[in-house]
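Peer 1: what follows is a predicted protein model with its sequence.
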Amino acid sequence: MMTGASGVGKGTLREQWLAGQDVFYSTSWTTREARPGEVQGRDYVFVTPAEFLEKARQDGFLEHAQFVGNHYGTPIEPIEAALARGQDVVLEIEVEGAMQVKDRMGDGAILVFIMPPSLTELRRRLTGRATETPERIEKRLLRAREEIMQAHAFRYVIVNDDLNRAVQELLAVQQAERATQRPEANWTEAEREAHALAATVRSGALKTEALRQVVDS
Ligand SMILES: Nc1nc2c(ncn2[C@@H]2O[C@H](COP(=O)(O)OP(=O)(O)O)[C@@H](O)[C@H]2O)c(=O)[nH]1
Ligand SMILES: Nc1ncnc2c1ncn2[C@@H]1O[C@H](COP(=O)(O)OP(=O)(O)O)[C@@H](O)[C@H]1O
């Protein structure tokens, strides 16, 4: 599961990471307005607040959270169906929801936090994407500071500076996590290499000081 600030590049990374892979990408429900070009049912299931709250009341979400004035949630049924088919499931959600999944799924969930190189660069990306008003960009940046300070709660932290490198690290994490389900003696050479690369992006060594530097940059 991928988490991290709005505008850090989660969607861009996910598209490249999952290209050609048979995994299930979970389409979230949201109460925010569709942006030009977004398609109902593909980018999100766009619903009214009443529809969202009713679904939450019926325990229809694996997790849900509010983000800058709107509700977002992961519908549980499509995920159960995908897991029953034997597919891996990928979520791309904000930090509060990711924490809920962590609590609920324990080690069954592989959590990856995507980190911006700096807050200045995050602002540049949000401005460049041109989907938000300046006021909404500032709200997302405020939220980003809080999210970044929680990065060490997730198993892996990948910095999205060079897109290709970040995609390679995501692929390595995926391959390494799959390999660890089998005895190490049976790993292929590629799996050993993936494991070594994935080890370099584990969050264990992260210092609060390093996170503060990103937030202040
Ligand atoms: N908790 C939770 N967060 C979600 C879900 N779907 C999307 N988000 C996150 O909500 C935040 C805002 O999403 P969005 O308005 O699409 O903005 P964008 O990610 O900057 O394009 C992002 O961090 C998304 O990853 C969900 O189902 N649950
Ligand atoms: N590694 C990168 N370097 C430079 N720009 C990037 C990089 N990754 C993503 N972007 C750009 O940053 C903006 C936000 O990316 P997006 O995937 O929409 O983020 P998110 O899904 O996390 O909100 C987009 O305009 C995207 O093209």
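Peer 2: Yep, it's here. Ligands and ions are numbered 1, 2, ... in the order given.

Peer 1: just the C-alpha atoms of the helix or strand of the chain with the lowest mean pLDDT, please, in PDB.
Peer 2: Sorted by mean pLDDT, DSSP states H and E, the helices and strands of the chain end with helix 208-215, the least confident at a mean of 87. Provided in PDB are the C-alpha atoms of helix 208-215 (Å, rounded to 0.1, in the frame of the first residue of the first chain):
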ATOM      1  CA  THR A 208      13.000  12.300  13.300                       C
ATOM      2  CA  GLU A 209      15.600  14.800  12.600                       C
ATOM      3  CA  ALA A 210      15.800  13.800   8.900                       C
ATOM      4  CA  LEU A 211      12.000  14.100   8.700                       C
ATOM      5  CA  ARG A 212      12.100  17.500  10.200                       C
ATOM      6  CA  GLN A 213      14.600  18.600   7.600                       C
ATOM      7  CA  VAL A 214      12.200  17.600   4.800                       C
ATOM      8  CA  VAL A 215       9.400  19.500   6.500                       C
END
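
Peer 1: contact partners of that helix?
Peer 2: Residues from elsewhere that reach helix 208-215, judged by Cβ atoms under 8 Å, 6 or more residues apart in numbering: Met115, Pro116, Pro117, Ser118, Leu119, Arg145, Ile148, Met149, Ala151, His152. Heads up, the C-betas are built off the backbone N, CA and C, glycines and all.

Peer 1: may I see the PyMOL selection of the buried members of the residues you listed?
Peer 2: The PyMOL command for the buried members of the contacts of helix 208-215 (criterion: 16 or more other Cβ atoms under 10 Å) is given here:
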select buried, resi 115+116+118+119+145+148+151+152
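
Peer 1: save the contacts of helix 208-215 as JSON lines, and put in distance to Gly9 and secondary structure too.
Peer 2: Formatted as JSON lines, the contacts of helix 208-215 follow (distance: Cβ to Cβ, whole Å; DSSP: H, G, I helix; E, B strand; the rest coil):
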{"residue": "Met115", "distance to Gly9": "10", "secondary structure": "strand"}
{"residue": "Pro116", "distance to Gly9": "8", "secondary structure": "coil"}
{"residue": "Pro117", "distance to Gly9": "10", "secondary structure": "coil"}
{"residue": "Ser118", "distance to Gly9": "13", "secondary structure": "coil"}
{"residue": "Leu119", "distance to Gly9": "14", "secondary structure": "helix"}
{"residue": "Arg145", "distance to Gly9": "17", "secondary structure": "helix"}
{"residue": "Ile148", "distance to Gly9": "14", "secondary structure": "helix"}
{"residue": "Met149", "distance to Gly9": "19", "secondary structure": "coil"}
{"residue": "Ala151", "distance to Gly9": "15", "secondary structure": "helix"}
{"residue": "His152", "distance to Gly9": "20", "secondary structure": "helix"}
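
Peer 1: tell me where this structure has helices.
Peer 2: Taking DSSP state H to define them, one finds helices in the chain at 10-18, 49-57, 76-84, 95-105, 119-129, 134-148, 163-179, 189-199, 208-215.

Peer 1: closest one to Glu63 among those helices?
Peer 2: Among these, helix 95-105 comes nearest to Glu63, with 3.8 Å by Cβ to Cβ.

Peer 1: now do the buried residues in the least confident helix or strand of the chain.
Peer 2: Leu211, Val214.
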